[in-house]
Structure formats: structure tokens, C-alpha cells
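K.L.:
pasting a predicted model and its sequence here:
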Amino acid sequence: MKYITAAVIVLTITISACSRYQVVLNNNVVYSPTGARPAPGLLIDANFQGCLNQYLSNAASKDPATVKLLACPAAGIQSLDGINALANLEQLELSDNQISDLSPLLSLRNLRVLSLRNNRVTNINALMSLPILRFVALQGNNGINCTQLNDLEKKVGNSLNRPDSCRQ
């Protein structure tokens, strides 16, 4: 007769005097220094989720669908997957991160202002489908094709801040 032994691992973390750090386990935020309970499973990127959690902890409404302005500069964000949970987002500041794929932004029909300075963006075609986009900052993303930037400029006018590699 064979016996199967099951092992249960219990992880206990005591956090004291850590007002600046969050705890992430398997890419899920399990502790936020604000004491706010994280919104589970919205954003794939733990750093992006942490930024959202911090914003919601200070907001009147804890519902992500009510967020209209979100600023997460220099937060170590790599992925925008799950951003569709922020359906009413109008202004988004994500400068100084490591974002390359903008396709998740396609669901943000209310987005008017977008700042992506100093990321890893090379393709901006997704931005062409955003109906009321009026301001875009892309400085520092020197891999973007200048033709794409010209097309985007036709859409948003002179409120496009281009990378140095495509200055006119």
C-alpha cells in the first residue's frame, strides 16, 4: 500500500513599519501599505495593480470603473493587460515605465490624454482607434516609425509630443 503525503505550506509575513512597500506573491498584490484591500485580478501587472490600489485607497469611490485619472509614473509597469476594467479612464500618465504593447488601450473609449514618455513603445497603431484622444506624449520612445507618428498627428494635431528620432 502506498501512502501519499501532502505538504501544506503556510506563509506568514509580519509587516511593521513598512509604509512604502507592498508584498507581491505570484504576481498578485497581497499587501498594500495603504491598508486597502487590493482589487483582485483586474490588472495583470503587479506594479500597475499596486498603483491602482494606492489610488483607490485615497479615492471616494473604491470602484475601478469610476477612475477617470490615473498617474503611475516610474512604477516599473510592463503590461497594460486588464486596463479595460478602467472603462471610464480619461487621463493616463505612465511615463518612465517599460511598456511596449498599447493594444490593451483599445477598450478605453473615453481616453483623452495619454503620457507614455520614456517607455519601450514601437507601434502606436492602437492609438488611432481611440475616438476622443487629444493629447499624446511619446518622447523617449525612439523606436516608433515616423510615418505612424505623422498619422497620429493628423488625428490629434500639434498636441502630439514626438520622440527626438522623429522631430520635424
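P.N.:
Good, I have the coordinates.

K.L.:
which parts of the helix or strand that contains G50 are buried?
P.N.:
G50 belongs to helix 46-58 when assigned by DSSP states H and E. Buried residues in helix 46-58, counted by 16 or more other C-beta atoms under 10 Å: 46-56. Backbone N, C-alpha and C define where each C-beta goes, glycine included.

K.L.:
then stretch 152-163?
P.N.:
152-153, 155-156, 160, 162-163.

K.L.:
next one: stretch 63-75
P.N.:
For stretch 63-75, the neighbour count (16+ other C-beta under 10 Å) marks 64, 67, 70, 72, 75 as buried.

K.L.:
just stretch 134-143 next, same as before
P.N.:
Those would be 136-141, for stretch 134-143 by 16+ other C-beta under 10 Å.

K.L.:
now, the most widely separated pair of the residues you listed?
P.N.:
V136 and G140 (12.9 Å; C-beta to C-beta).

K.L.:
list the contacts of E90.
P.N.:
Neighbour list for E90: 68-69, 110-113 [criterion: C-beta atoms under 8 Å, 6 or more residues apart in numbering].

K.L.:
ok, now with 10 Å
P.N.:
E90 is in contact with 67-70, 108, 110-114, 132, counting by C-beta atoms under 10 Å, 6 or more residues apart in numbering.

K.L.:
nearest to D81, of those?
P.N.:
After measuring the contacts of E90 against D81 - C-beta to C-beta - the closest member comes out as L108, at 13.0 Å.
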